[in-house]
Every structure is written in structure tokens, then in C-alpha cells.
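Enquirer: Starting from these lines, generate the structure:
(chains A and B)
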Amino acid sequence: MDRKPDSSSAALDGAGRVAANGLIDRRVFLMRGMAAAGAAATGASAAGWTAAARAADSIGQNALPWQKTPGAPFRPYGQPSGFAETVQRGVLQPYGDLAPGAGVSLTPLHALQGTITPSGLHFERHHNGVPAIDPSRHALTIHGLVNRPLRFDLGALSRYPMLSRICFIECSGNSFFNSFPEPQQKPCGMIHGLVSCSEWTGVPLAVLLDEAGTQANARWILAEGADAAAMSRSIPLDKAMNDAFVALYQNGEPVRPEQGYPLRLVVPGYEGSMNVKWLHRIKLTEGPTHTKDETSKYTDSLPDGKAEQFTFVMAVKSVITHPAVGMSMQGKGFYEISGLAWSGAGKVKRVEVSADGGQTWGVAHLQEPVLDKSLTRFAMAWQWDGRPVQLQSRATDDKGRVQITRKDWVAQYAPGQRYHYSAIQTWAISEEGGISNVYL
Amino acid sequence: MFIFRTGLSCAMACAYLGGAIGADPGLGHDATEAEISAMDISVPPSGAGLPAGGGTAKEGETVYAAKCASCHGAGGQGKPADRLTGGIGTLASKQPVKTVNSFWPYATTLFDYIRRAMPFNAPMSLTNDQVYAVTAYILAQDNIFGSGERLDATTLPNVKMPNRDGFVDRSAIR
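Expert: All right, here's what the predicted structure looks like:
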């Protein structure tokens, strides 16, 4: 094995190897791969299919059932294939039947590709269930330290110039399973699936705040939802004026009920619970309100007993989604290692992949476009020789922040700290092809 | 009505902007005092906006038994839902016990949260007096508030929680 110093990425050698244990530069492999695959396909076609067709009385004898009968007609709203019905969110309800609407459902990252999360698979975090809001009785009220308190009904909001923006939302509780002392053997999505990415469309909050006229002493806003938890968070006014917006649409359709229908506040890059769903009230204030979900919860306990409050910006982070726990290897040979990277501070600049537990690293290919505060897909070609390996990914953002190791993350916080887990994930693959979550 | 009010708002917006007729949509309706006071339920540490009324821990004991104990246990000791009392002094230990009384920095947050979100199966169902009383009851379990004292809009903001100074404000980091 070639050993390279940690944090340096090996240069290409003649075989395209970029790091130990079979990591290969993707461009080299794909060029060879396409040539080989083309030749194989031509051969199969000539020898197999044409001979069979010639011998048959009807080409239907060689066709599959669904080629020989008219397909299903139209339906007003499409659904996934029945064969893909296992692609579902995993649900965690910590209070069980006592409070079935408190908990999370997690995006099955290991079963998805690309960067946009299907709306029906976007993670959920509810503090007391999904309200059934009648949009004709819903409005956004802006009050407090403003010159003119205003109320925007949905008819009015829908007439404002809208922006569309692709961005991730990540619950600050994401990956909390990895804060446990022992590694949890759960599918990748059950560990890391409290992050999702959508194209959100709506009205810049600055436009609405300007219309109400912010007063000079206003420094914060309180954003509140119309759910049974009346979930509320304080947000600095400068962030609210900078890039926050009131989303009416998600991936082109009205925001789903579990994502905040009819209105969701989107606060790009900031922790998930600040992206207040079912938004109905914004109050401008001098200071933060210190709500339950910014004091008791979503604060970060330190070893000395203090707790960090208002840690808004989500860390730079990545996770390999393929291969990962939730799937099994299909023997040695070629795989594409692929995963997701993101940063609440900006764009993903670089993702490195290691197959030897972080001793050598190769730079992964980033799928364009790489967008600000958005999920970015990375990929690395890999020839697995069948021996045990430890796969890791490590992201760097355009602010120079580098994803930290689990050891460093754990050392920062008090025992039992669950929020803002952002450390490097290690997937171990055994000779038998089993994949497990390990701590290094 | 809709058209009339929209037109009115536009006119006022133009007046506010010094008469300029620009690209601003100006489609917000003026929110009335009554509309705002009906929904302005948030209570910051200053206590601004706390309602009239009040209650004692003794009165709160009855409310707690009827509305809270089935989830939060006797005396707020927890199970099946979150523990509310005890744990004071444990935050820097190997086994920190985070409760309302050991961890929350402001008693106003407790009042605010109970009033908006509890009991879980019937949020916003308690009277303001009941919310004051049950807040007093929880605080009194750890002697943060006297069991005979009346918690109200004047006394609540003066309650000093044991962990008031336990938070490090990171809001300047962007």
C-alpha cells in the first residue's frame, strides 16, 4: 500500500490510483469503462438478441409481460413504483404513543442519489404533530418593533416577486446516534438523514420587513409556527434581512403539510428548527426571546457545565451514502463511492475520501453545480479487492473549515451532548461484504 | 372588503415611502391591535407581555396532579416524559442531569412554554392563573420560588434560575 501523510491527497499514478485500498481517479476510470462497456454491449446484441428474434414466430415470445399489454392510464398525482416502496423515511418517536407527533422521520440517504430530496422523503421534525391548516384562515403577521404592523394573507403573498433557491435544511440533532458511546448499527439514513435539500420558492423576508418598516432598536425577530407546539425561535435581524425567505413552494409544488404548509421560513445554512414551519407570526424585538427551543433544547453542553447558545451555522460535514450501512456489498470489483457534503457557512470546496481509515486520502469528484448552503454530491471510483477496508469522507468548505474527527468532536462537549454532531463517519467493510458503523 | 383593504394598505405604504410609487407591492394589510394581542403570546426574560393573574405553588400542586403528573411524574421527577426538577449542580459532572430547574436560564421560558404547548394533548387549554400556579409549583420543588409566594407578572421576571449564567452566547458567529 502506498502510505501518504494524513491530509495530503496523493497525486495520480499510472493506474489512476489516488489513495490506498483501491481508490481510483474517477475520470481515468470512466474513460476506460465507457470504452469497455460499449464493446461488450455490441457483442451481446449480435450474438444473442438478433438470433432469438429471427427464430421466433412473433417477437412477443421474447418480450416481457409489460411490453405486451397496455400500461396503466394517467393519474392526477404520481407515486413511486411499487418495487421502490421500501424507499421510505425511518420514523423515531421517543415518547411512543404518549406523544406520537413528537419525534423525527429521517431521509433514507442510502437509497437516494443526486442532491434534491423528494418532497415526500424530506426529513421531518415535529414538536407536536403536523397541523391541518386551512390556508384561508392562515396569515403571516409582522409586528413588534415595526412602524406598521402588517398581516399578509396567502393571496397577498402569492402576488409578491418570488425567488427560488436550492438549499439544505439540517436538524441540529442530525447524526445524534453517533454521539452515543457505542456505534449504532443503523442504516445511513437513520443516522444521518435529518438533512434534506429542496428547491424552495417564496418571498424574501426583507421585502416584507421593509414594508412593515423596522425600527432602529430592532435586533432580532421571533418566528412562530401555528402548530400545536407553537414552535418558536429567535433569529438575528441581520440574517433575516440578508437571505431568509418565506417559502410557499417546495420543489415546485405547495410546501407539504409536514414541511410547513402553507408557509415555511427558510433560513439558509442555519440549524433546522430556525426554519420555522407553519409560520404565522414574526415579532421584531430588541433581544432574543429565549424560547424553550433555544435554551432547554438545541444548545450545546460543554465539559465545564456551560452550554453554548445560538449556535446557528451548521458545520461543514459529509457522509458516504454508497456504500453504507443499509446495503450490502456484491463481491469484489468496481464500485462508485458516493456521498453528500454540505456546509452552513458556504459552498463545499473539496471532499476527500479514504479507504484506509484516514491514513491516505484521494480527492473526490464534485457533481456540478456546487451551490451555496446546498447538498453537494461527491464521487470516487473504487476497485475493491475484497479485503477489509474503512471508508471515510472529509469535507472542506470555501471558508476553510474542515470536517473534524469523532475524537475531536467528542472532546469539545459534555457527556450526553447530542446536537451539532458533524464528525467524519467511518464505514467498515468486512471480507464478507458486511458494512458496519465504527468509531476510530 | 379584500379589495378595499388592499387598496388602503397601498395608499398607506405610498404615504410611508414619501409618496413614491415604486415597485414595492405593498400588499400587507394593517394588523389591528386586537389581532396582535390575540396572538402575541411570547414572553421574553423581561416579562414583557405577561398577562394579569397569578398563582402559588400550592394552587399549582392541584393543576400539576391533574394535568402534568401522568407524563412528568410525581414532583416533576420525570418518566415517561422529561424530568422537570432536581439535578441542580450536576451540569459539570460526568452525568449531567438537565431539568427545567437545573438547566433552563429563565423562568419566563417555563411560563411561555407551558402556556403555549402544555399539556401536550391539549395545548393552550390552561387559564393564565393555572399557568402561573403550575410554574410556581415546578420552581418550588427546588426552592427556586417560595411555596407560599404568588407568581405573577411582577414576581416571575425576578426569579433567578440556578443556571442563569450557564450559557455562552454564540449568536455573533455567522
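Enquirer: from the stretch 251-400 of chain A, which residue is nearest to chain B?
Expert: Closest approach between the stretch 251-400 of chain A and chain B, counting by Cβ to the nearest Cβ: residue A:305, at 3.0 Å. Quick note: C-beta positions are derived from backbone N, CA and C, even for glycine.
Enquirer: and that residue, which of the three is it?
Expert: The three-state label given to residue A:305 by DSSP: H, G, I helix; E, B strand; the rest coil is coil.
Enquirer: distance of it from residue B:172?
Expert: 22 Å (Cβ to Cβ, to the nearest Å).
Enquirer: now the residue in the stretch 1-150 of chain A positioned nearest to chain B, nearest residue through space, not along the chain?
Expert: Relative to chain B, the nearest point of the stretch 1-150 of chain A is residue A:150 (3.3 Å; Cβ to the nearest Cβ). Closest residue to residue A:150 apart from its sequence neighbours, by Cβ to Cβ, 6 or more residues apart in numbering or on different chains: residue B:28 at 3.3 Å.
Enquirer: residues contacting the one you found?
Expert: By Cβ atoms under 8 Å, 6 or more residues apart in numbering or on different chains, residue B:28 lies in contact with A:142, A:148, A:150, A:151, A:152, A:156, A:208, A:211, A:212, B:9, B:13.
Enquirer: Make CSV out of these and add neighbour count, distance to residue A:16 and pLDDT.
Expert: Below are the contacts of residue B:28 laid out as CSV (neighbours: other Cβ atoms under 10 Å in any protein chain shown; distance: Cβ to Cβ, whole Å; pLDDT from 0 to 100):
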residue, neighbour count, distance to residue A:16, pLDDT
A:142, 25, 57, 98
A:148, 16, 64, 98
A:150, 27, 60, 98
A:151, 22, 62, 98
A:152, 27, 56, 98
A:156, 23, 58, 97
A:208, 23, 53, 98
A:211, 23, 57, 97
A:212, 25, 59, 98
B:9, 22, 64, 40
B:13, 22, 63, 41
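Enquirer: per-residue confidence at residue A:395?
Expert: pLDDT, residue A:395: 98.
Enquirer: cool, residue B:10 as well?
Expert: At residue B:10, the model reports a pLDDT of 41.
Enquirer: now do residue A:25
Expert: pLDDT, read off for residue A:25, is 87.
Enquirer: Run through the bridge partners of residue A:362.
Expert: Counting by DSSP bridges, residue A:362 forms beta bridges with residue A:353.
Enquirer: low-scoring stretches of chain B, by residue?
Expert: Along chain B, the model assigns pLDDT under 70 to residues B:1-23.
Enquirer: Where do the strands of it begin and end?
Expert: Listed in chain order, the strands of chain B (DSSP state E) span B:29-30, B:54-56, B:150-152, B:167-169.
Enquirer: so, in contact with chain A or not, the shortest one?
Expert: Yes - using Cβ under 8 Å from any Cβ of the partner chain, strand B:29-30 comes into contact with chain A via B:29, B:30.
Enquirer: Can you list the helices and strands that that strand packs against?
Expert: strand A:150-153, helix B:2-16 (3 or more Cβ pairs under 8 Å, 6 or more residues apart in numbering or on different chains; DSSP states H and E).
Enquirer: re the thing from before, thought residue A:212 was touching the residue of the stretch 1-150 of chain A closest to chain B, still the case?
Expert: Yes - judged on Cβ atoms under 8 Å, residue A:150 makes contact with residue A:212 at a distance of 4.8 Å.
Enquirer: okay, and the common contacts of these two?
Expert: A:142, A:143, B:28.
Enquirer: quick one, what contacts the most centrally placed residue in chain B?
Expert: When chain B is reduced to its mean C-alpha position, the nearest residue by Cα atoms, centre = their mean turns out to be residue B:112, at 1.1 Å. Applying Cβ under 8 Å, 6+ apart, we find residue B:112 in contact with A:289, A:291, A:292, B:41, B:42, B:43.
Enquirer: Next, count neighbours for the fourth one.
Expert: The one in question is residue B:41. Applying other Cβ atoms under 10 Å in any protein chain shown, we find 17 residues neighbouring residue B:41.
Enquirer: Inside helices: which ones of the shared contacts of residue A:150 and residue A:212?
Expert: Among the shared contacts of residue A:150 and residue A:212, no residue falls in helices (DSSP state H).
Enquirer: now, which of those sits nearest residue A:439?
Expert: Distance to residue A:439, by Cβ to Cβ, is smallest for residue A:142 among those, at 46.8 Å.
Enquirer: Identify the bridge partners of that closest one.
Expert: residue A:150, residue A:282.
Enquirer: Quick check: it touching residue A:210?
Expert: No - shown here, residue A:142 and residue A:210 do not form a contact pair, counting by Cβ under 8 Å, at 10.4 Å.
Enquirer: residues in contact with the residue of the stretch 1-150 of chain A closest to chain B?
Expert: Residues near residue A:150 by Cβ under 8 Å, 6+ apart: A:141, A:142, A:143, A:208, A:211, A:212, B:9, B:28, B:29, B:30, B:31.
Enquirer: Widest-spaced pair of these?
Expert: A:143 and B:9 (14.9 Å).
Enquirer: circling back: name the nearest residue to the residue of the stretch 251-400 of chain A closest to chain B, sequence neighbours excluded.
Expert: residue B:92 (3.0 Å).
Enquirer: thinking again about what came up before, want to throw the contacts of residue B:28 into JSON lines with distance to residue A:123?
Expert: Conversion of these to JSON lines gives the following (distance: Cβ to Cβ, whole Å):
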{"residue": "A:142", "distance to residue A:123": "28"}
{"residue": "A:148", "distance to residue A:123": "37"}
{"residue": "A:150", "distance to residue A:123": "32"}
{"residue": "A:151", "distance to residue A:123": "31"}
{"residue": "A:152", "distance to residue A:123": "28"}
{"residue": "A:156", "distance to residue A:123": "30"}
{"residue": "A:208", "distance to residue A:123": "27"}
{"residue": "A:211", "distance to residue A:123": "33"}
{"residue": "A:212", "distance to residue A:123": "32"}
{"residue": "B:9", "distance to residue A:123": "38"}
{"residue": "B:13", "distance to residue A:123": "39"}
